[in-house]
Every structure is written in structure tokens, then in C-alpha cells.
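Colleague: Please work out how this folds:
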Amino acid sequence: MKSYPLTWLQDCESPVAWDTIPEIEIACFPWYEKGDKQRTWAQAAISEKFLHVRFRCEDKHIYAQFTQPNDPVSRDSCVEFFFAPEPDVSLWYFNLEINCVGAILFG
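Modeller: Next comes the predicted model:
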């Protein structure tokens, strides 16, 4: 698993200047069976009040049927974000799955 250092944002009330945040390409396809491995990039930053995350994805066959919170969005075109608030203290982590129409599964 790759780690990604978060960029600290001083002003959490202003829009994020995404062009100043480092981008990482996600090149892990654990469920790959066949077809294109379409590219995805992620960026993340933290401020006093918020965790800011942005994905940029290529998808030739975008699909979404789920629209409600905690729907099974993994059946749609989606991305996942895992984060551990205190990785040196605990193995606990959070998982967010977000489909292409903004439905979120939080676990």
C-alpha cells in the first residue's frame, strides 16, 4: 500500500487550489479480470476543519444506479478512499466509496 503525505491548508474557508496539491496516480487493480485498466489520480489535503479529497478518473463506460447514502456504490463506477487517522496508534481505518453521481458509502 502506498502512503501519501497530506498538504496542510492554512485557510479552510477558501476554495482548495488543487493545482498546488501533489497528485498521485492509482495503479492498483485488485479486482481486475479483463478489459482496460483505466487511469485514476487522487489528491488530498487537510485543514483545521476538513479533509479534502479529489479524484480524476478515466472511464469509457461510466455507470451509476445508486443515489442514496450507504447504497452499494461498489456496483457502480466508483472510487474508494481509505484513511487511518492514527496509523501509529491503531490499525483501525475508515473507508469511503463514492460513485460517479456522488452517492457515498461510509464504512
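
Colleague: Over to the closest residue to R54 other than its chain neighbours: give its phi and psi.
Modeller: Nearest residue to R54, sequence neighbours excluded (CB to CB, 6 or more residues apart in numbering): Q43, at 4.7 Å. Every C-beta, even on glycine, is put in place using the N, C-alpha and C of the backbone. Note on Q43: backbone dihedrals following degrees, to the nearest 10 are phi -140, psi 150.

Colleague: Show the contacting residues for Q43.
Modeller: 18, 21-24, 53-54 (CB atoms under 8 Å, 6 or more residues apart in numbering).

Colleague: quick one: which of these is nearest F66?
Modeller: V53 (19.5 Å; CB to CB).

Colleague: Chain neighbours aside, what residue packs nearest to that closest one?
Modeller: A44 (4.9 Å).

Colleague: residues of stretch 52-60 that come out buried?
Modeller: Using 16 or more other CB atoms under 10 Å as the test for burial, stretch 52-60 gives 52-53, 55.

Colleague: picking up where we left off before, make JSON lines from the contacts of Q43 and add distance to K37 to it.
Modeller: Formatted as JSON lines, these follow (distance: CB to CB, whole Å):
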{"residue": "W18", "distance to K37": "24"}
{"residue": "I21", "distance to K37": "24"}
{"residue": "P22", "distance to K37": "22"}
{"residue": "E23", "distance to K37": "18"}
{"residue": "I24", "distance to K37": "16"}
{"residue": "V53", "distance to K37": "22"}
{"residue": "R54", "distance to K37": "21"}
